[in-house]
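> just a sequence and a predicted model for now, questions to come.
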Amino acid sequence: MTDFIIETSQLCKSFKEKAALRGLDLRVPAGSIFGFLGRNGAGKTTTIKTLMGLLRADSGSAHVFGSPVTDADRSIEVRRRIGFVTEDKELYPYMTVEQIICFTRPFFPKWRHDLERRYLEIFELPLKRKIPDLSKGMRSKLMLLLAISRDADLLILDEPTDGLDPAAIEDVLRELVAIAATSGTTMFFSSHQLAEVDLIADHIGIIDQGRMIVSGSLDDIKARYQRLRVVLEKPVELPVRWEDGVESVRQEGRMISLLTSRNVDAIVEQAQSIPGAVVERYPVTLKEIFLEQVRSN
Amino acid sequence: MIFRVNQSSGIPLYLQLMEQVKHAVETGALREGDQLPTIRKIAEDLVMNPNTVVRAYRELEHEGIIELKHGSGAFIKKPSEGRVRLIRKGQAVLETAIERLLSLGLSEEELRRAFEHELSQANAKRAQGTAKEGKL
């Protein structure tokens, strides 16, 4: 249990007649940067709200730091260890930046004044400005500051870079990897930006229609997913049944393109057994994996 | 030492980092005893996951290219003499081949593609060979 900071099993949640989560299994290893991917409405925010205890699941289980999320007795203790950035980036509208920081501080005994000062400077936040007068990017940065300064063991970030300009995204991502490198904080973040997930995540999960369809270490996934290009000398009959693990086959003339999701060596061997075939292997990007899996699901 | 990664290539980032360190050693940009940047420095400079850098360094250590000294960082190890000679020899063979091909009028791009193609052909043949041996 302790190997996974977040662990859910067969989590289900419906809103009226619409099922948002349909048996979600999620495992976030300690110390990982976990990228949580999915299309709009796939169930990302519902998952995050359930983990934070803001929604109650209909069935299944969810544990954070080994405690069930429904355990009221341990709720405060668990929450002190979590930094949370919400999707809507909403904060009390009648407060200024300075006031929300002063208000948040006393809830967290391990508050890091040094980090608070550092991020005020890096993120260039105006202390006296009221929250509704901040841009969306500034509100994201302010929420990150509040989440990071409490010295959390787990950061749960719902679209942390949404609405930020490219320079601000770079700032935020750089700070996240710096925190991961120095403190070993586990980070669970949802994002639409596949390129940024590809860079900073070491584990990913792709959720679609309330279920996890791909999950694991990013390096392992990339080793399993490969594009094979087969060039034929002359048109010949192709295997009717490819080995297991072929996700898609596309043919244009004498050129065949295959996407594998596992079992790569056996598939290469099968392709090479076609008379006169030359087989080349190419790596695929996270974007290709995402699009292929979400479309075929 | 400045590293770069290309995340749109699809090649795992730790492999790209490893390749660059090896290349730097082969060309002499990094020499025995040189210190590599810290994990945190690379992670921040390239905005990449620190565990990815850790993995690249571990694998490089496993291959005997660098040495990880606890607490003080990563250092380039003395390459084995045999390996260095072999690489130099290979470079010389390539140099003559490239000169000849260029003098025949092939463009750099054509050469690059031909090289990649022949390499994958050779790999495929070798793989087929071992597969057949396995079956016998």
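Received, thanks.
> tell me who's in contact with the nearest residue to residue A:134 once chain neighbours are set aside.
Leaving aside its chain neighbours, residue A:134 sits nearest to residue A:142 (6.7 Å; criterion: Cβ to Cβ, 6 or more residues apart in numbering or on different chains). (Each C-beta comes from the backbone N, C-alpha and C, glycine too.) The contact partners of residue A:142, by Cβ atoms under 8 Å, 6 or more residues apart in numbering or on different chains, come to A:91, A:97, A:100, A:123, A:125, A:131, A:134.
> name the SS class of residue A:142, please.
With DSSP: H, G, I helix; E, B strand; the rest coil as the basis, residue A:142 sits in helix.
> against residue A:233, how distant is it?
63 Å (Cβ to Cβ, to the nearest Å).
> same deal with residue A:214?
Per Cβ to Cβ, residue A:214 is found 35 Å from residue A:233.
> same question for residue A:117.
In terms of Cβ to Cβ, residue A:117 sits 68 Å off from residue A:233.
> likewise for residue A:138?
61 Å.
> name all residues that make contact with the closest residue to residue A:210 other than its chain neighbours.
Leaving aside its sequence neighbours, residue A:210 sits nearest to residue A:22 (Cβ to Cβ, 6+ apart; 3.8 Å). With contact set as Cβ under 8 Å, 6+ apart, residue A:22 has these partners: A:12, A:209, A:210, A:211.
> same thing with residue A:143?
A:85, A:86, A:89, A:91.
> state the pLDDT value of the third one.
In the prediction, the pLDDT value recorded for residue A:89 is 80.
> ok, it - how many residues close by?
22 (other Cβ atoms under 10 Å in any protein chain shown).
> apart from its chain neighbours, what residue comes closest to it?
Nearest residue to residue A:89 in three dimensions, chain neighbours excluded: residue A:139, at 4.3 Å (Cβ to Cβ, 6+ apart).
> circling back to that earlier point, give me the more crowded residue out of residue A:214 and residue A:233.
Neighbour count, other Cβ under 10 Å: between residue A:214 and residue A:233, residue A:214 has more, with 21 against 11.
> list the residues that contact the more buried one.
A:204, A:205, A:206, A:221, A:289, A:293.
> how does it look with 7 Å?
Residues near residue A:214 by Cβ atoms under 7 Å, 6 or more residues apart in numbering or on different chains: A:206, A:221, A:289, A:293.
> ok, of those residues, which one's closest to residue B:82?
residue A:221 (36.7 Å; Cβ to Cβ).
> what helix or strand is the closest one located in?
In the assignment (DSSP states H and E), residue A:221 maps to helix A:218-224.
> is there proximity between that helix and chain B?
Yes - interface with chain B: helix A:218-224 contributes A:219, A:222 (Cβ under 7 Å from any Cβ of the partner chain).
> contact partners of that helix?
So helix A:218-224 is contacted by A:201, A:202, A:203, A:204, A:214, A:261, A:262, A:264, A:283, A:289, B:12, B:14 (Cβ under 7 Å, 6+ apart).
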